[in-house]
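In: just to be clear, the model below is a prediction. Sequence and coordinates:
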Amino acid sequence: MSVQSSATVIIRTPLPSTSAGFIWGFVGVAAFSFTMPLTRVAVGGLTPLFIGSGRAVVAAVLAGVALAATRQPLPAGTQWVRIAVVAAGIVVGFPVLTSYALTVTPASHGAVVVALLPAATAVVAVLRTGERPARTFWVFSLAGAIAAVVFALLQGGGFGEARWADLLLFGAVLAAAVGYAEGGLLAREIGSWQTVSWALVLSSPLMLTLAGVAVAGQAPSGTAAEWACFAYLSAVSMYLGFFAWYRGLAIGPMARVSQVQLVQPVMSICWAALLLGEHIGLFTFAGGLVVIACASGAVRARLGVPRVI
C-alpha cells in the first residue's frame, strides 16, 4: 500500500441522488437486521466482551487482506482523525455496548430501542453537513427520543439490570449515529468499503487487546450455533454490510437514505420471533410503531439549503 501525500486529498465524486442510494441502503439494513437476534444467541455461550471485540478482530483481518490485495492508498491527513471517529462509533461503541445489553434484555426489546437510530443518524448528519432542517424535523426527532425512552422504561421493568441495558442501548445508538454520519461523508472521499476497512484496521490493536482480555478471563466455549452467529456478526454485521450501507449514505441524500433503516427493527423483531421463539406482544409492536413513526417524520421533514461550513 502506498502513502498518499497529506497535501493532496483525492475526492471521489458522489453518484447522483437516485433510487440507487435507497437500494444500497436497504441491502445494508437487511444485513444488519440479523445483528440483534444473532447477538442474543451468541451471548448464550460467549462473553459480551469477546463478541464485541472478537468480531472486530476477525473483520479487521478481512479488511486488511482486501486493502492489501487492491493496493489501496493510505488515507491522508485529517482523514485519519475522521476514520478514528468512525471506528469509535461502529467498531468499538455499538458492538460492545449492544453485546452487554443483550445479556439481560430480549433481542426484540433491543431492536425497538435501536429504532431511534435512523432519526439520530439524520440529526447527526444535519449537524455535520450544515443543512438547515425545518422545525418539524426537530419536533419529530424529540418526539422519537421521548417515545423510545418511555418504551424502554416501561418495558424494562423498573430499576436494575434491564434499566442499565437500556442505557447501554441508547449509548450504542449515539455511537452508531456518529459513526454512520461521519462514515457516509468520508465514503464520498475514499470509498464505502475502504472507509469501514480502514476503521477496522485502525482499531484492531485496541480490539485485539480487548479480545485477549476476554479470552484470559474466560476461554470461549460456545456451541456450533453460537460460533455460527459469531461468524455472521464478524463477516457481515461488522464488515460486508457496511459496503452497501456506506455506499447508500454516500450516494445520499444522507438524511433521506437513513430512513431506510426504519424497517430494521421490524425485521429484527420478526427474526427474533422466528429464530429465538421470543413472544412478541402487542405492547412491543405498538412501541415499535410509535418510535418508527416519529423517526419517519423526522427524516421526512425536508432540509433547507446547506450552509457553507
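Out: Received the coordinates, thanks. Numbering: from 1, shown residues only.
In: what's the first helix or strand after the helix or strand where Phe170 lies?
Out: Element membership of Phe170, judged by DSSP states H and E, is helix 161-190. Moving toward the C-terminus from helix 161-190, the next helix or strand (DSSP H and E) is helix 192-217.
In: in that next one, what counts as buried?
Out: Neighbour-count burial for helix 192-217 flags 192-204, 207, 210-211, 214 (criterion: 16 or more other CB atoms under 10 Å). From N, CA and C alone the C-beta is placed, and that goes for glycine too.
In: now do that helix: distance to the chain's middle.
Out: Relative to its parent chain, helix 192-217 has a centroid offset of 16 Å by CA atoms, centre = their mean, to the nearest Å.
In: could you give the angle of that helix to helix 161-190?
Out: Here helix 192-217 runs at an angle of 140 degrees relative to helix 161-190 (axes from the mean of the first three to the mean of the last three CA atoms, to 10 degrees).
In: which strands or helices does helix 192-217 pack on?
Out: helix 48-69, helix 79-86, helix 161-190, helix 241-251 (3 or more CB pairs under 8 Å, 6 or more residues apart in numbering; DSSP states H and E).
In: name the helices or strands packed onto the first one?
Out: Using 3+ CB pairs under 8 Å, 6+ apart, the elements in contact with helix 48-69 are helix 94-101, helix 192-217, helix 224-232.
In: closest one to Tyr180 among those?
Out: helix 94-101 (9.4 Å; CB to CB).
In: name the helices or strands packed onto the closest one?
Out: Checked by 3+ CB pairs under 8 Å, 6+ apart, helix 94-101 has helix 35-42, helix 48-69, helix 161-190 packed alongside it.
In: pull the distance from it to the chain's centre.
Out: On CA atoms, centre = their mean, the centre of helix 94-101 falls 11 Å from the chain's centre.
In: remind me which residues of the chain are low pLDDT?
Out: Applying pLDDT under 70 to the chain flags the ranges 1-18, 131, 133, 149, 151-162, 299-309.
In: spatially central residue in it, please.
Out: The centre of the chain sits closest to Ala176, judged by CA atoms, centre = their mean, with a distance of 4.5 Å.
In: I'd say that one and Gly89 touch.
Out: Yes. At 5.7 Å, Ala176 counts as touching Gly89 under the criterion of CB atoms under 8 Å.
In: about what we covered before: turn the helices and strands packed on helix 48-69 into TSV, including distance to Val260.
Out: TSV is the format used below for these (distance: least, CB to CB, whole Å):
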stretch	distance to Val260
helix 94-101	18
helix 192-217	15
helix 224-232	21
